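# Please work out how this folds:
(one chain, ligands or ions: 1)
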Amino acid sequence: MQDQDSRNAWEERLKRVKERMNKVKHKIAVISGKGGVGKSVVTVNLAMAFALNGREGRVGILDADIHGPCVPKIIGLKGHRLQAGPPGIFPAVGPLKIRVVSMDFLLPEQETPVIWRGPLKYQAIRQFLSDIVWGELDYLFIDLPPGTGDESLSVMQLLPEMDGVLIVTIPSEVSQDVVKKAVSFARQLGTRVIGIIENMSGFVCPRCGAEIDIFKVGGGEKIAKDMSVPFLGRIPIDPKICEDSDRGVPFIVEHRDSPAAKAFMEIVKKIEEAVEGKKG
Ligand code: ADP
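Residues are numbered from 1 along each chain as shown. Prediction:
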């Protein structure tokens with residue numbers, strides 16, 4: 001009886017999450033085989049690239065990285081607290097009117113997030129997700145926890161139909177192995193892999209202009225070919241990405257002519273083409 005009750009409550013919640021996300025046209029999860037490859041930085045800059053490409057006010061980010069939510073810091077919303085009203089919880093509004101919801105907005109500052117330790121955590125997240133008033137959006141990017149373990153799986157299961165996942169990797173061979181896991185993870189969930197993005201791909205020395213392949217180059221493309229999934233592009237290492245992310249300044253807006261910003265804009269076109277069948 002109790003089991004049935006909790007099953008009903010779970011289904012009710014899922015239904016509400018789905019209803020809340022109904023007005024979001026495209027939902028894309030961003031995953032990586034492991035941490036530190038730039039998944040959050042890529043999520044934020046891609047979202048901004050979509051906004052710059054004629055979708056200002058129609059893009060959102062859900063930072064679902066429960067243990068290390070860092071989207072607010074990158075986008076300059078650190079310390080924001082969620083506002084709630086009768087319809088539900090309202091996302092924060094960042095640069096280019098990007099709507100942002102992060103687990104970080106729920107946590108007491110500087111403290112260990114005790115609430116996320118127990119089995120209650122997914123219940124809390126589900127409850128939270130079902131209360132967010134996203135409004136009308138063209139694209140919602142979901143920054144998942146790193147890796148392809150239970151954590152990412154559980155968060156994915158809380159979300160309604162996705163258009164697919166983007167996999168962020170760095171070009172080294174070690175990373176290629178974990179990308180395979182990420183592709184299998186998406187396939188297990190029956191979710192489409194929209195494509196692989198190779199981040200930290202080459203570095204142009206600002207002093208001498210020489211191109212140095214710090215983590216090699218091309219590993220993402222190779223693995224995409226091996227696994228028969230699309231390759232979406234390369235983002236070079238740019239120290240300004242790191243500086244701007246640490247300061248909460250939107251890199252792509254500040255440095256629109258940089259090779260990295262241009263690479264993001266190119267990837268936008270490929271994603272639009274993949275999910276909307278749109279060319280150019
Ligand atoms: P993840 O979400 O995969 O754990 P982050 O997005 O937090 O990784 O990025 C890890 C670190 O690498 C951050 O300090 C970020 O600023 C930096 N970074 C990410 N991509 C680049 C890049 N293309 N060039 C320079 N620094 C980068």
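# I figured Ile31 was touching Leu144, is that so?
Yes. The criterion here is Cβ atoms under 8 Å, and Ile31 meets it with Leu144 at 5.0 Å. In this view, the C-beta of every residue, glycine as well, is placed from N, C-alpha and C.
# which residues do these two both contact?
Jointly contacting Ile31 and Leu144 under the rule Cβ atoms under 8 Å, 6 or more residues apart in numbering are 39, 152.
# ok, the longest strand seen in the chain: who's next to it in the sheet?
Taking DSSP state E as the criterion, the chain has its longest strand at strand 24-32. Strand 24-32 has its sheet partners listed here by DSSP bridges as strand 137-143 (parallel), strand 164-169 (parallel).
# Please see if it touches the ligand.
Yes. Applying Cβ under 6 Å from any ligand atom, one finds strand 24-32 in contact with the ligand at Ser32.
# Check the offset of that strand from the chain's centre.
Here strand 24-32 is found 7 Å from its chain centre; the criterion is Cα atoms, centre = their mean, to the nearest Å.
# What are the contacting residues of the following helix or strand past it?
Downstream of strand 24-32, the first helix or strand assigned by DSSP states H and E is helix 39-50. Residues outside helix 39-50 that contact it (Cβ under 8 Å, 6+ apart) are 30-32, 59-61, 63, 65, 70-71, 74-75, 95-96, 98, 138-139, 141, 143-144, 146, 166, 168, 197, 199, 235, 241, 245, 250-253, 260-261, 264-265, 267-268, 271.
# Could you pull up the mean pLDDT of helix 39-50?
Averaging pLDDT along helix 39-50 gives 98.
# okay, the angle between that helix and strand 164-169?
Orientation note: helix 39-50 sits at an angle of 120 degrees relative to strand 164-169 (axes from the mean of the first three to the mean of the last three Cα atoms, to 10 degrees).
# Can you say which of the strands paired with strand 24-32 is nearest to Pro86?
Pro86 sits nearest to strand 137-143 of all the strands paired with strand 24-32, at 20.8 Å, using Cβ to Cβ.
# The ligand contacts on the stretch 101-250 of the chain?
Residues of the stretch 101-250 of the chain lying near the ligand (Cβ under 6 Å from any ligand atom): 146, 199-200, 235, 237-238, 241-242, 245.
# mind listing what the nearest residue to Ser175 once chain neighbours are set aside touches?
Nearest residue to Ser175 in three dimensions, chain neighbours excluded: Thr169, at 4.9 Å (Cβ to Cβ, 6 or more residues apart in numbering). If you count contacts by Cβ under 8 Å, 6+ apart, Thr169 has them with 32-33, 37, 175-176, 178-179, 182, 196-199, 219-220, 223.
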